[in-house]
Structures are given as structure tokens and as C-alpha cells.
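> would you be able to build a 3D model of this:
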Amino acid sequence: MLRLPTFTYHRPKTAAEAVAICKAHGKEAMYVAGGTDLYPNMKRRHQTPTQVISLQDVPGLHSVDVLPDGRVAIGAMVKLSLLEHHPTLKQHYPAFAHAVREISTPLLRNMGTIGGNLLLDTRCTYYDQTHEWRESIDFCMKTGGDICWVAPGSPRCWAVQSSDSVPIVCAMEAEIELVGSGGTRTIKAGDLYRDDGMQYVTKQPEELLTKLILPAPRGWKASYLKLRRRDTFDFPVLGVGCCVWTDAGGVVTKANIRLGGAGSFAIPAIESEKLLVGKPLTDEGIAAAGTAALKSARTMDNTDLDVYWRKKVAPVYVARALAACR
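Residues are numbered from 1 along each chain as shown. Next comes the predicted model:
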């Protein structure tokens with residue numbers, strides 16, 4: 001039986017108090033929202049904080065609010081199950097609601113939160129094992145070792161970003177609100193992540209993610225497609241988030257395509273995006289953009305299913321996701 005290590009549990013009443021506790025304890029402290037990722041990781045000794053800071057009692061993190069300019073602000077502690085059924089999101093942000101519905105199982109969505117999913121730990125075949133299993137082959141660099149078992153000659157960790165919400169919110173150019181010891185700041189969702197399996201977010205350790213802000217639903221369409229072995233529960237081995245902006249004549253003015261499950265962050269399919277801009281979203285253009293995504297899909301042997309097949313199927317899923325944006 002896997003057991004949690006000993007830790008001190010904090011329940012601060014404000015965001016400022018939570019940040020102060022986290023800063024005071026440094027690397028020994030971690031925030032917990034729904035706990036569906038952190039607690040299993042603690043049982044496997046991937047993460048072993050001695051100070052766990054619950055966000056359950058922090059006000060302002062549990063609501064979905066339509067702002068005066070048409071944007072929608074979602075508190076970090078809002079449950080995934082609420083988001084997948086929220087009438088405003090289903091009507092105006094169907095791609096986002098669909099991505100949330102693709103996360104894990106109904107039971108876990110009843111516990112998991114959007115803030116937790118946005119900050120999901122990166123994953124890997126060699127990392128997501130018990131402490132004893134990892135010890136038997138020597139720990140990888142993500143847990144204090146000197147080697148990445150995915151690419152033993154590489155100087156970096158290749159654990160993958162496996163969140164379903166990250167590719168779509170990055171493609172939509174949503175915003176993230178962070179509260180730290182220096183105050184509150186708002187950044188683009190894409191700026192929260194970096195291409196590094198270990199240091200996969202850019203926020204400061206004590207900063208608290210408080211809100212996800214979706215853009216006003218005007219002038220763009222988005223979609224999300226997920227590839228996995230089973231129809232539920234499994235993490236994506238590929239998650240494609242697309243968002244396309246068009247003018248009154250149907251000509252693409254901007255396109256964002258992000259590939260999740262294929263790298264340590266949601267990889268931008270830049271060449272595919274370039275092929276779409278300045279043209280209508282035709283079958284020919286979609287096919288060309290899909291083919292161009294083959295180069296962006298940096299699949300490696302660090303997750304489920306055959307690595308070569310996963311790379312070849314990426315253009316197919318990009319084309320399908322783009323077609324859904326019409």
C-alpha cells in the first residue's frame with residue numbers, strides 16, 4: 001500500500017496568507033487544490049513537501065464570472081465537473097468545455113480543479129512509477145538523478161505536458177492571474193509554460209494561480225481533439241488545441257495550433273499556422289497545414305503507444321481539429 005508521507009496541513013483564509021506561508025517555507029511548501037495529482041505524486045515520493053497549503057478557504061477562487069467586456073473569469077478552485085456542464089461555457093466556449101470533459105473520469109473531475117489541471121506535473125513512462133521501481137534502475141534527473149531515461153545522452157528532462165486544458169487555453173490566448181508577494185499580475189497562458197520537463201512553469205514558486213480568464217467569444221473559433229488508448233481516464237498521448245480568427249469574408253487573420261502530450265509544453269505548430277493566414281479555411285489549406293505539423297510533433301518514447309505512429313497521426317489530428325474550427 002502506498003502511503004502519504006508526513007506533512008503539516010495549512011488552510012489559509014486569503015491569497016496573501018497562502019503566499020506568505022509558501023514563501024516562508026520555500027521548497028518545503030506546495031499548494032494543493034483538488035489533490036488529484038499532488039497526493040498520488042506524494043505517495044510515489046515524486047514530490048515530498050513537508051508543508052501542504054490548501055486553497056479551499058481562499059475567497060474568490062470558486063466562481064465563474066462574466067466580465068463587463070465579455071471575457072469570462074474562472075477561479076482556480078472551480079471543479080472540472082462544474083465547468084464541463086456550465087451553460088455559458090457550453091454555449092460560448094464549447095471547445096474549452098469539451099477539453100475539460102476529456103480530463104480523466106467523472107469521479108476525478110468532481111475533485112479536480114481547473115487551477116490544478118493548468119499546473120499538472122509533467123509525466124513520463126520512467127517517472128510515473130513507484131519509488132522502489134525508480135530506485136531499482138537509478139533515479140531519473142526529474143527526481144534527483146543524473147540521467148533522462150528517455151534520452152540518456154540528453155542534458156535535459158523530456159517529461160511531457162499532459163494537461164487537456166493547456167493546449168486549448170494557450171491556443172485561445174487566454175490569460176492567467178497570479179498572486180505573489182509583490183502583488184497581482186496577469187500573463188498570457190502561453191507565457192506560463194516553458195519547454196523543460198522539470199522547470200515546466202515560469203511562475204515563481206510562491207506565486208498562486210488564482211484565475212483563468214477566457215477571451216470574449218468574438219471573431220474566433222476553437223477546437224480540441226485528444227488521442228489516448230481508452231475513451232476515458234487516460235492522459236493524452238496527443239492533444240491538439242486550435243483557435244482560428246477570421247475576418248468578415250472568412251479569411252484567416254490569425255491561427256494558433258498547440259500540440260499537447262508531444263513535448264514538455266504545448267508545442268506551437270508554427271509552420272502550420274503560417275500556411276493558414278491570409279487564406280480561407282479550405283480543405284486544401286487544412287490538409288497542407290496538417291502535413292506541416294509533422295515536423296512540430298517531437299514525439300519520444302516517454303508515454304503510451306508507439307512513438308512513430310504517434311508522430312504520423314499528429315498531422316491527421318491537426319487537420320481534423322482545424323476542420324472543426326469551421
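> report the buried residues of stretch 29-44.
29-38, 41-44 (16 or more other C-beta atoms under 10 Å). All C-beta spots, glycine's among them, are computed from the backbone N, C-alpha and C.
> can you map out the strands along the stretch 201-326 of the chain?
Ranges of strands within the stretch 201-326 of the chain are 208-214, 220-227, 238-246, 252-260, 267-268, based on DSSP state E, counting those that start in this stretch.
> let's have those strands in TSV, adding mean neighbour count and mean pLDDT.
As requested, those are arranged in TSV below (neighbours: other C-beta atoms under 10 Å; pLDDT from 0 to 100):
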stretch	mean neighbour count	mean pLDDT
strand 208-214	23	98
strand 220-227	22	98
strand 238-246	26	98
strand 252-260	24	98
strand 267-268	19	97
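> can you put those strands in a markdown table and add distance to Glu177?
Written out in a markdown table, the entries for the strands of the stretch 201-326 of the chain read as follows (distance: least, C-beta to C-beta, whole Å):
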| stretch | distance to Glu177 |
| --- | --- |
| strand 208-214 | 4 |
| strand 220-227 | 21 |
| strand 238-246 | 20 |
| strand 252-260 | 20 |
| strand 267-268 | 23 |
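> closest one to Val64 among these?
Distance to Val64, taken as C-beta to C-beta, is lowest for strand 208-214 among these, at 9.7 Å.
> which among the buried residues of stretch 29-44 gets closest to Lys279?
Of all the buried residues of stretch 29-44, Lys279 sits closest to Asp37, with 40.6 Å by C-beta to C-beta.
> against Gly153, how distant is the closest one?
According to C-beta to C-beta, to the nearest Å, Asp37 and Gly153 sit 30 Å apart.
> let's see which of the buried residues of stretch 29-44 end up in helices.
38, 41-43 (DSSP state H).
> nearest to Leu214, of the residues you listed?
Scanning these for proximity to Leu214, where the rule is C-beta to C-beta, the winner is Leu38, at 25.0 Å.
> residues contacting the residue nearest to that closest one when sequence neighbours are not counted?
Residue nearest to Leu38 in three dimensions, not counting chain neighbours: Val32, with 5.1 Å by C-beta to C-beta, 6 or more residues apart in numbering. By C-beta atoms under 8 Å, 6 or more residues apart in numbering, the contact set of Val32 is 38-39, 52-55.
> what bridges to Val32?
Applying DSSP bridges to Val32 yields these beta-bridge partners: Ser54.
> ok, which of the strands of the stretch 201-326 of the chain comes nearest Arg194?
Closest of the strands of the stretch 201-326 of the chain to Arg194 is strand 267-268, at 11.9 Å (criterion: C-beta to C-beta).
> partners of that closest one in the sheet?
The pairing partners recorded for strand 267-268 under DSSP bridges are strand 252-260 (antiparallel).
> quick one: distance of the partner strand to the chain centre.
16 Å (C-alpha atoms, centre = their mean, to the nearest Å).
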